[in-house]
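Q: Return a 3D structure for these sequence lines:
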Amino acid sequence: MEPITGLTRGGIAWTPAFITTINQTKCIGCGRCYKVCPRDVFELVERDELELEDDGEDLDDDFDDDDNTMVMNLKDALDCIGCQACAKVCPKKCMSHAPQTL
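A: All right, here's what the predicted structure looks like:
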């Protein structure tokens, strides 16, 4: 099956990559992805409410404190338009994207 494609205003073919996951163990809850997203894809939730698995990666010591109680969560991944703006502004590179097929 062919991936979903579109055209830019300049007529160039473009393949959007839609959000698939957020690595919540790396997320610092800064909200940059939430602010830049043109859709209602993200929400901030309490870190304690999630059952995060340790993936073996070291958490950044600068953000490993008691004040960092929020983490980003996917509210409605099906509302993603594939622009990848969230990944471009994420300082921790927490977002994973992939093209989708029809």
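Q: where along the chain do the strands fall?
A: 6-7, 13-14, 18-22, 42-46, 70-74, 95-98 (DSSP state E).
Q: Give me the residues contacting the second one.
A: Outside of strand 13-14, the residues that reach it under the criterion Cβ atoms under 8 Å, 6 or more residues apart in numbering are 5-8. (Glycine included, C-beta is placed from N, CA and C.)
Q: and what of the first one?
A: For strand 6-7, the external contacting residues (Cβ under 8 Å, 6+ apart) are 13-16.
Q: likewise the fourth one?
A: For strand 42-46, the external contacting residues (Cβ under 8 Å, 6+ apart) are 29, 31, 33-34, 69-75, 86.
Q: among the residues you listed, which ones are buried?
A: Among the contacts of strand 42-46, the ones that count as buried by 16 or more other Cβ atoms under 10 Å are 29, 33-34, 70-74, 86.
Q: could you pull out the helices for this structure?
A: Per DSSP state H, the chain carries helices over the ranges 32-36, 85-89.
Q: Using CSV, lay out these together with mean pLDDT and distance to residue 22.
A: Listed next are the helices of the chain as CSV, based on pLDDT from 0 to 100; distance: least, Cβ to Cβ, whole Å:
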stretch, mean pLDDT, distance to residue 22
helix 32-36, 97, 8
helix 85-89, 98, 9
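Q: For these, give me JSON lines that also has distance to residue 48.
A: Converted to JSON lines, the helices of the chain look like this (distance: least, Cβ to Cβ, whole Å):
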{"stretch": "helix 32-36", "distance to residue 48": "19"}
{"stretch": "helix 85-89", "distance to residue 48": "23"}
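Q: From residue 82, how far out is the closest residue to residue 8 other than its chain neighbours?
A: Leaving out its chain neighbours, the residue that sits closest to residue 8 by Cβ to Cβ, 6 or more residues apart in numbering is residue 14, at 5.4 Å. Per Cβ to Cβ, to the nearest Å, residue 14 is found 9 Å from residue 82.
Q: the more surrounded of those two?
A: Higher neighbour count among residue 14 and residue 82: residue 82, with 17 against 12, using other Cβ atoms under 10 Å.
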